[in-house]
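Q: here is the input, now give the coordinates:
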Amino acid sequence: MTQSLEARQFYMRGRELWSTRDNVKMTEGIEFFRHAIALDPNFAAPYIGIADSLSMMRNDAEDWRQAAEYADAAIRLAPDSADAHATLGFIAALNKWNWRDAESYFKRALELDPNCGKAHQWYATLLLINRRFAEAEIHLKRAIEIEPMSPTFNGDLCELYVFAKRDDEAFSQCGKTNVINPDFRFANVTEVFIQQKRYDEAAQERIKLALQHGINEKTAKNAAWYKAFQKDGYRGWIQTEIDGNEKHKDVLLGEYNLSILYARLGDKEKTLNLLEKAFVGHTFLLPFANARPDFDFVRDEPRFQNLMRRIGLNQGEGNL
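A: Residues are numbered from 1 along each chain as shown. Model prediction:
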């Protein structure tokens, strides 16, 4: 903690921006954290804030390296910080793919502070990736008890229900998240509609989201994906998305996002090729393929199973 009211205010503003999960806003938030550190170099919290921001932005290896440095600095300043341990757990999981160390960090964080919502949330992420859905649900519900109005906690529970194919609960939880924050783009029911092959409703939901984000109806319905959907159905929609992504192969997470699209077309060869390329690039989101329903159709393929083993994951419950 710090005695500087101004440093605390800078820190809290940085956290507000971080909670949006928007890269531009998180970059702005980092500057607020830096101001807080300048006012009190011994204030551990803004170091954690920078580490969390760099981890979430997941731009490149240098960001991850700096994130680990800031988290280590926070631990030196506050060895009993649950927040710092949770951050180190996140880095161990999603950058280093070291699931055992990550789980140890999360458990230590919760020993230090059982009410650390971030630790519950990120431990749940690790559990979800490892297909330990029931345990993940417990931790996310506890995080929501601690911070009921957190869109990220509520949104992650929505995602869990999507991955676990608990569609009714996914609809309900996504709805709750949208009430809390209609602009939070990481919780919407489009994925559930697609999973249920209710493509007309999925398309209408996507149009609705575009309208919510300030796009007028005419522009939304003139989008290439929507025109393709009207002409050729869902496959046309997805093919248009693929064509758009193929033009921007340098975009972050390109291979992983493309693998999802090819999975939705049922193309095993291209799906597996792209997942393997994502592995070579150490793509941030690749471990989620272990739990994502889109990949169920390749789950028994030796190439997919070998890839998950190389990440350190198995496909059954209780991998750790």
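
Q: is Ser53 in contact with Lys25, as I believe?
A: No - counting by C-beta atoms under 8 Å, Ser53 sits too far from Lys25 to count as a contact (9.5 Å). Where you see a C-beta, it was placed from the backbone N, CA and C, and this is true even at glycine.

Q: the two: who's more crowded?
A: Per other C-beta atoms under 10 Å, whichever of Ser53 and Lys25 has more neighbours is Ser53, with 25 against 14.

Q: returning to that earlier point: give me the common contacts of Ser53 and Lys25.
A: By C-beta atoms under 8 Å, 6 or more residues apart in numbering, Ser53 and Lys25 have these common neighbours: Trp18.

Q: walk me through the domains of the protein.
A: Domains of the chain are assigned by automatic domain parsing as 1-79, 230-320.

Q: and those domains as TSV, adding mean pLDDT?
A: Formatted as TSV, the domains of the chain follow (pLDDT from 0 to 100):
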stretch	mean pLDDT
domain 1-79	94
domain 230-320	88
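
Q: can I get these in a markdown table including distance to Pro114?
A: Conversion of the domains of the chain to a markdown table gives the following (distance: least, C-beta to C-beta, whole Å):
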| stretch | distance to Pro114 |
| --- | --- |
| domain 1-79 | 17 |
| domain 230-320 | 20 |
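
Q: tell me which of the ones you listed is the most buried.
A: Of all the domains of the chain, domain 1-79 has the most neighbours on average by mean count of other C-beta atoms under 10 Å, namely a mean of 19.

Q: endpoints of that one, how far apart?
A: 13 Å (C-alpha to C-alpha, to the nearest Å).

Q: now Leu128. Nearest residue, chain neighbours left out?
A: Closest residue in space to Leu128, ignoring its immediate chain neighbours: Ala136 at 4.5 Å, by C-beta to C-beta, 6 or more residues apart in numbering.

Q: hmm, Gln121 and the one you found touching each other?
A: No - the pair Ala136 / Gln121 is not scored as a contact, 9.8 Å apart, by C-beta under 8 Å.

Q: quick one, what contacts Ile238?
A: Leu261, Arg264, Leu265.

Q: what's the answer for Leu258, then?
A: The neighbourhood of Leu258, defined by C-beta under 8 Å, 6+ apart, consists of Ile242, Asn245, Glu246, Leu274.

Q: setting the sequence-adjacent residues aside, check what's closest to the last one.
A: Once flanking residues are discounted, Leu274 sits nearest to Ser259: 3.8 Å by C-beta to C-beta, 6+ apart.

Q: need phi/psi at the one you found.
A: phi -60, psi -40 (degrees, to the nearest 10).

Q: pull the contacting residues for Gln204.
A: Shown in contact with Gln204 (C-beta under 8 Å, 6+ apart): no residues.

Q: okay, and it sits in which element?
A: Per DSSP states H and E: Gln204 is located in helix 199-212.

Q: how far does that helix sit from the chain's center?
A: Distance of helix 199-212 from its chain centroid, counting by C-alpha atoms, centre = their mean, to the nearest Å, is 21 Å.

Q: check stretch 171-190 too.
A: With C-alpha atoms, centre = their mean, you get 15 Å for stretch 171-190.

Q: which of the residues in it are buried?
A: Going by neighbour count (16 or more other C-beta atoms under 10 Å), the buried part of stretch 171-190 is 171, 173-174, 176-178, 180-181, 184, 187-190.

Q: brilliant, that's me finished.
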